[in-house]
Each structure stands twice: as C-alpha cells, then as structure tokens.
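Return atomic coordinates for the entry below.
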Amino acid sequence: MSCYLGAENVPDRGSVYVRENGQLFTINQDSGRGINCTPNSRPSRLFSKEFSVELCVNKENDNGRTDHFIFTYTKEGSLRYSAKSLFSLVLSYIADNINHVDSLNGFPEQIAEKLFYAADARQKFTESETGLCALQTFANAYGCLVLQTLCLRNGSLIISEKLEEIKSFQGLTCLDLSSCKLGDDHELLEHITNETMSSLTHLLLKDNCLSDIGLRKMTARVRVMKRGLENLSVLDLSYNPGITNKGVRYLRPFKKLNYLDLSGTGLRDTKEVIDQIQTLIGLVRSAIPLKVFDHSNCKTEGWAEQVILQWKHAVLEVVNPKENIKSRLAAQHFYGKRPRAQGSSESGEKKRENYENLQFYKERTEISDIGLLERDMEMIEELRKRKRTAVEHEEQSLKSEHFSFSQAEWDLLNSY
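Model (predicted):
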C-alpha cells in the first residue's frame, strides 16, 4: 500500500469505513490530515435504525414474479439474498405455462415428476380452461406414472363433472367404480373397453345397475377383436340384479380371469351357473368370502393422487354444503321426520346380507384365501404323525435294547 508523506499531496477521498462483526467503523474521520490508522472507539452506523430498502424487480420483463431470490439472515443479523438456481427458474416458468407445452415425450421421469408437482401447486389441473390439456400432456407421455390405480367408489358426481379428465388417464391397472350407478349406456363404460385401457387387471363394477346388455357391450371388443380387457384378472359384478344366466356367457373370452364376484345378481339355478363358469372360464366357487373383493386394496396411487383428492373436495363442497345439511336436518326435526338415509342404508345392508355368496377363483392361483388354512392343518397333522412315529420308534428301540441286556448287566444297573 502506498503512503503519502506530505499532507498537502494526500487526495481527499472522504471517510473510509471498515465492517467488523456486523458493525461499521470509521478509519479516517479527518480526511485532510492523512489516514488515521486508529479505529474509532465508538462505532457509527452507516444508516439509521429506521432506514429500510425495498428490492425492486422489473415486472414488465418478468411477469410480475418476485420469488427469484432467496432471502436469509447471517449470524450477525444482516440480510443476505441469493438467486435461485437456473433449473428452479425454468421449472417454475414451464409450470406456469404448462398449457402451452405440446408434448413431454423424451423428458426424464425425474424432471417430469417435479414439473407435475410444480404445476399442481399452481392449481393448473383444477382450472377449467387449462386443466384437461395439461393433464393429457402428462398422461400421454408417462401413462401409469401419472396414475396407476384409481378409486372412484361412490363417485358418480365426480364422474359427471370430470369425465373427460378421467378418460385421459392411460395405463391404469386397477379401477374401482363401485356404487357409481353408471348403467348400461354410460360413456365411461364404453371407454373401459378401449385399447388404452388394455393394461387394466382389476375392474370393480359393484352396484352399477348393469344388465346383460351392458355386459355384452363391455365384452364385445374382446369377443370379436381379441383386444381391450384381455389382461383382466379380477372382475367384480356383484349387486347388479340385471345380470342373469344369459350374461355369464359373455365372460368366456376372459381367459386370464382369476377372480370373479357375481353375488347379488339375478342368477337363477346357481348350480348350473357354477358348472357353466367352471366349464367356460375354469373358475370354481369359493366357500368363504375372498379378500380380493374387500375393496380396501384399491386406492388412488400416482402423481395425480392429490389432483383426484382436490376434485372430490370441490364436488362435495358444491353439492353438499354444510349449511344446507343443517337446515334440512332442522326442518326434518321440526316436522318430526326421521332421516331416510340411515334407514335406507341399513335396509340395503340387510338385503345384501341375505344374498348368496357367489365368488369364484382359479384353483392354482388361490393359495392365501382358501387353501392356506387347510394346508396348514394338513402340515400340522403330518408333523404330529411324524413326531408320534419317531417317539414310538425310539421307545421300541429302547425296549429292544433293554430286552437285549443280560441278567448280569441288569444286576449291575440295579446296583447303582
């Protein structure tokens, strides 16, 4: 560092400040008399306590975004900010404009998953204008990763509101449409038979007002073109009184079917139906209820799990607001009427209990539900027999050894 010897040659540079441990110190208070190397004992503030500064971002060129910086504080209490990574900025920009993306084919799955969650956080899939387009973009590129299993049990309102969005999901392996009251002519029932749903292995259509006509439409593509639901393994058609003995014949193309539930249907002469199903599909009747039809294994899983949950909450808030429910219950209480929902549900459950259990399974695949208890009992009995045989054999060997002793040996043993 150069040093000025003459005071008259020292340029006037003003006050010099040094920052130490979060405090500012002046070095040269008198600039005209040379540099004062002794720091001031009393620290002076560069700005007053009431001073504040606002970070301004150019809103014209940045769409009004102010989250490009991460603000933190040091140990000394100083404000520090750093810029976000380029990946985060690009990800946020694409998520904001996901409806303008034509295709995501070729993008790595890890990046696509982060992009999906970023778009979901911005409510892009719930918007009426951009939600369907954005969801189709992801579903076309990643299929079952977006949604692998879909549970819409008692979701007739969700199906009516979000039918096109539901049809956009490809690669589903499990679909639960129980108690949705679809009927024979519903558009979703026709969509199930498309080739885009060929990966479906579990289809639960319990209590959907189906008849032989709907069953014929659902199996037409498989019967004629050998496409559609050819990989179906589990089929639940229970509590559809419109299905009769005639409709059982339409199940013949399902050669990979391992489980079938026809409880509560309009079948007559169950012995004939049991023989027919065993002849056509190779399934035998189960003596006990099967766990596969418990409906607890099918849960919505995939990237779009939270999206489906948001749809359900939105539909329930619109259709069943709490104020209307309270007012309705108050009116019923005023007029001395009882709620019908509870009575109807109880009567429905009692009727279902009276139905005959008609669940079928393929013998070579059913191990855990039926054969497990019997085989365990057989194994236990076999082990008991082996143990009993071994004990008897040991006793006989001991007796033979005892009988082979001489009189002198017996006297010697008794002497102990």
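
element containing the closest residue to E230 other than its chain neighbours, please.
Leaving aside its sequence neighbours, E230 sits nearest to V222 (C-beta to C-beta, 6 or more residues apart in numbering; 5.8 Å). The way it works is simple: take the backbone N, C-alpha and C, and place the C-beta from them, glycine included. Taking DSSP states H and E as the definition, one finds V222 inside helix 212-225.

For whatever helix or strand comes next after that helix, name the packing helices and strands.
Moving toward the C-terminus from helix 212-225, the next helix or strand (DSSP H and E) is strand 234-236. For strand 234-236, the contact count by 3 or more C-beta pairs under 8 Å, 6 or more residues apart in numbering; DSSP states H and E identifies strand 202-204, strand 259-261 as packing neighbours.

Strands along this protein, start to end?
Assigned by DSSP state E, the strands in the chain fall at 17-20, 23-26, 69-73, 79-83, 149-151, 174-176, 202-204, 234-236, 259-261, 284-285, 359-361.

of all those strands, which lies closest to L215?
strand 234-236 (10.2 Å; C-beta to C-beta).

In the closest one, which residues are buried?
Residues V234, L235, D236 are the ones in strand 234-236 that count as buried (16 or more other C-beta atoms under 10 Å).

Give me the distance between the first one and D269.
For V234, the distance to D269 (C-beta to C-beta, to the nearest Å) stands at 25 Å.

Spell out the residue ranges of the helices in the chain.
59-62, 86-96, 109-121, 131-142, 156-161, 163-167, 187-192, 212-225, 270-280, 305-319, 322-334, 340-354, 371-404, 407-415 (DSSP state H).

what's the least confident stretch among the ones you listed?
Among the helices of the chain, helix 59-62 carries the lowest mean pLDDT, a mean of 45.

show me the contacts for L215.
L237, I243, G247, Y250, L251 (C-beta atoms under 8 Å, 6 or more residues apart in numbering).

And it, how far from F254?
Distance from L215 to F254, by C-beta to C-beta: 11 Å.

can you check W311 too?
31 Å.

per-residue pLDDT, H68?
The score at H68 is 62. That number is its pLDDT.

Go through the helices and strands packed on strand 234-236 and pick out the most buried.
Using mean count of other C-beta atoms under 10 Å, the stretch among those with the largest mean neighbour count is strand 259-261, at a mean of 25.

Just the mean pLDDT for that one, thanks.
Across strand 259-261, pLDDT averages out at 95.

Any regions of the stretch 1-150 of the chain where pLDDT drops low?
In the predicted model, the stretch 1-150 of the chain carries pLDDT under 70 at residues 1-14, 22, 28-74, 76, 80-81.

Enumerate every residue touching the closest residue to F138 other than its chain neighbours.
Distances taken as C-beta to C-beta, 6+ apart put V146 closest to F138, at 5.1 Å, once the chain neighbours are dropped. Residues near V146 by C-beta under 8 Å, 6+ apart: F116, L135, F138, A139, F169, G171, G302, W303, A304.

What spatial separation is found between V146 and I192?
18 Å.

mind giving me CSV with the contacts of L215 and columns for distance to P108 and pLDDT?
Shown next, in CSV, are the contacts of L215 (distance: C-beta to C-beta, whole Å; pLDDT from 0 to 100):
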residue, distance to P108, pLDDT
L237, 41, 95
I243, 46, 94
G247, 46, 90
Y250, 43, 91
L251, 42, 91
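
which of those residues count as buried?
With burial judged by 16+ other C-beta under 10 Å, the buried subset of the contacts of L215 is L237, I243, G247, Y250, L251.

Now for the closest residue to the fourth one other than its chain neighbours, how many residues are close by?
Yep, that's Y250 we're talking about. Nearest in space to Y250, with sequence neighbours left out and distances taken as C-beta to C-beta, 6+ apart, is T219 at 4.5 Å. By other C-beta atoms under 10 Å, 21 other residues sit near T219.
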